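Asker: sequence? don't have it. structure:
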């Protein structure tokens, strides 16, 4: 048995030496950054002009994350990362492996986004990038890429709905019957909420520093994202959460007493969350907006709840349970389709069960702790706070649309005090601004 251990140790040493000798001229962070940019580019749908490649890109994203993690393990002189983040990531990966095995390897791996859950492993290379001062333009490049994608998608949506020219069929993957307000909708991207809140932060900081040119630039881009949420994606909850998050960022960044402001906002959030999710409120909203979306969501919650109780409360419905077709079939199409993503954070409970859900919400608890620690020092990362509320109230961080934002949010939580903080004084803006401006 000893010879096996020695053989494994020697093999690891050989691999480490090979990697170090062949990467001496190229920094690890440079390689990480280039590959992650490519993954972001693919997930933003630039290649979906001819067809929908979302499933293949999701699998590729998860596979590349695993490969980068292996490279990271052999990287010398790693920067520090919280042991609690490491425990969270490893626990989540174990949960995903369990769910894959539980659902059948072939069936689970062939599902649209099962492998994409391993994208959480991007946290390790992202952490290296964020803490390398020579990569301070990472967020700038990411925002630029996301904004280009947003304008392109708006253009595609406009010429399809108003000129009836479809130049990118892959963008309308949910079907031409996915209509609201008389127009065929288009899916959001994983970066939309992330970029919108950063733009609002930058606009407020430009306002604080009386930089009208940059204020108008960031405010204008923020309005573009609001337009996309309301008209192109046509998701009222997302739009309302954008407004709510923007107001929160403005209040915190303009406040002279951050602790009192965030305490008041926290109470308002709790009241809003409880009130918004009451069944009678959902029914009123549905009748006011004259669509059946809220009714379908309410019925879907009851249906999924019954399935969850009859399947496994501890382990949930599994990774292949995102969509349930129900009702009479006409011309091969189901009358009603229920989706777990419509249930937001409750959908995570139904998908993963109590055990997996406990792991999922850990990152929210971790961020809350970071916020409280920051408040003791009179600063708060307003972008992280806005994203936290967005994913608790308005969307699920673990659904297929936003799964690629998961490593970004975890990385920002790990580097909570480095970016987008609100603190009295111009110096803090200058510190954050160099990482984020266009």
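Answerer: That came in fine, so what should we check first? Keep in mind that what you see is a predicted model, and the values were worked out from it rather than measured.
Asker: which stretches of the stretch 301-438 of the chain have low pLDDT?
Answerer: Scanning the stretch 301-438 of the chain for pLDDT under 70 picks out the ranges 321-338, 378, 421-438.
Asker: show me where it has its helices.
Answerer: Secondary structure of the stretch 301-438 of the chain (DSSP state H, counting those that start in this stretch): helices located at 345-360, 362-376, 382-389, 406-414, 426-436.
Asker: deepest-packed of the ones you listed, please.
Answerer: Most buried of these, by mean neighbour count (mean count of other Cβ atoms under 10 Å): helix 382-389, with a mean of 25. Any C-beta I mention is one placed from the backbone N, CA and C, and that applies to glycine too.
Asker: so residue 49 touches residue 155, yeah?
Answerer: No. The pair residue 49 / residue 155 is not scored as a contact, 11.8 Å apart, by Cβ atoms under 8 Å.
Asker: out of the helices of the stretch 301-438 of the chain, nearest to residue 131?
Answerer: Minimum separation from residue 131 across those (Cβ to Cβ) falls at helix 406-414, 9.2 Å.
Asker: how about residue 188, what does it touch?
Answerer: 228-229, 233, 235, 238, 401 (Cβ atoms under 8 Å, 6 or more residues apart in numbering).
Asker: I'd guess it is in a strand, am I close?
Answerer: No. According to DSSP: H, G, I helix; E, B strand; the rest coil, residue 188 belongs to no strand; its state is coil.
Asker: check the gap between the residue nearest to residue 354 when sequence neighbours are not counted and residue 356 for me.
Answerer: Nearest in space to residue 354, with sequence neighbours left out and distances taken as Cβ to Cβ, 6 or more residues apart in numbering, is residue 314 at 5.3 Å. Applying Cβ to Cβ, to the nearest Å, the value for residue 314 to residue 356 is 9 Å.
Asker: if we can go back for a sec, most surrounded residue in the contacts of residue 188?
Answerer: Of those, residue 228 is surrounded by the most neighbours, 25 neighbours in total, counting by other Cβ atoms under 10 Å.
Asker: which SS state does the residue lying closest to residue 207 once chain neighbours are set aside fall under?
Answerer: Counting by Cβ to Cβ, 6+ apart, residue 215 is the residue found nearest to residue 207 once chain neighbours are left out, at 5.3 Å. When classified by three-state DSSP, residue 215 comes out as helix.
Asker: gap between the longest helix along the chain and the chain center?
Answerer: Ranked by number of residues, the top helix in the chain under DSSP state H is helix 138-161. Relative to its chain's centre, helix 138-161 lies at 17 Å (Cα atoms, centre = their mean, to the nearest Å).
Asker: strands of the protein, start to end?
Answerer: Taking DSSP state E to define them, one finds strands in the chain at 179-180, 183-184, 323-330, 333-339, 380-381, 421-422.
Asker: and the pLDDT at residue 61?
Answerer: Residue 61 carries a pLDDT value of 92.
Asker: what does residue 280 give?
Answerer: With respect to pLDDT, residue 280 has a value of 56.
Asker: ditto for residue 284
Answerer: 53.
Asker: returning to that earlier point: so what does the longest helix of the chain touch, helix or strand wise?
Answerer: Helix 138-161 sits against helix 28-43, strand 183-184, helix 192-208, helix 212-227, helix 426-436, with contacts defined as 3 or more Cβ pairs under 8 Å, 6 or more residues apart in numbering; DSSP states H and E.
Asker: in it, what counts as buried?
Answerer: 138-139, 142-143, 145-147, 149-150, 152-154, 156-157, 160-161 (16 or more other Cβ atoms under 10 Å).
Asker: so that helix versus helix 192-208, what angle?
Answerer: 120 degrees (axes from the mean of the first three to the mean of the last three Cα atoms, to 10 degrees).
Asker: what about residue 247, how many residues close to it?
Answerer: 14.
Asker: pLDDT score for it?
Answerer: Residue 247 is given a pLDDT of 86.
Asker: can we start the residue count at 691 from this point?
Answerer: Understood, numbering begins at 691; the last thing we discussed is residue 937.
Asker: how close does it get to residue 917?
Answerer: 18 Å.
Asker: repeat that for residue 764.
Answerer: 46 Å.
Asker: do the same with residue 1099
Answerer: Taken as Cβ to Cβ, the span from residue 1099 to residue 917 is 24 Å.
Asker: residue 772 now?
Answerer: When residue 772 is compared with residue 917 (using Cβ to Cβ), they lie 38 Å apart.
Asker: what of residue 858?
Answerer: For residue 858, the distance to residue 917 - Cβ to Cβ - is 19 Å.
Asker: settle it for me: which of those two has more neighbours?
Answerer: residue 858 (21 against 14).
Asker: OK, contacts around that one?
Answerer: 738-740, 846.
Asker: the closest residue to residue 1090 other than its chain neighbours: neighbour count?
Answerer: Counting by Cβ to Cβ, 6+ apart, residue 1090 lies nearest to residue 803, which is 4.1 Å off, once chain neighbours are set aside. By other Cβ under 10 Å, the residues close to residue 803 number 21.
Asker: and residue 803, what is it in contact with?
Answerer: 745, 748, 1090, 1093.
Asker: can you rerun that using 7 Å?
Answerer: 748, 1090, 1093 (Cβ atoms under 7 Å, 6 or more residues apart in numbering).
Asker: surely the first one and residue 806 touch.
Answerer: Yes. In this structure, residue 748 is within contact of residue 806 by Cβ atoms under 7 Å, at 3.9 Å.
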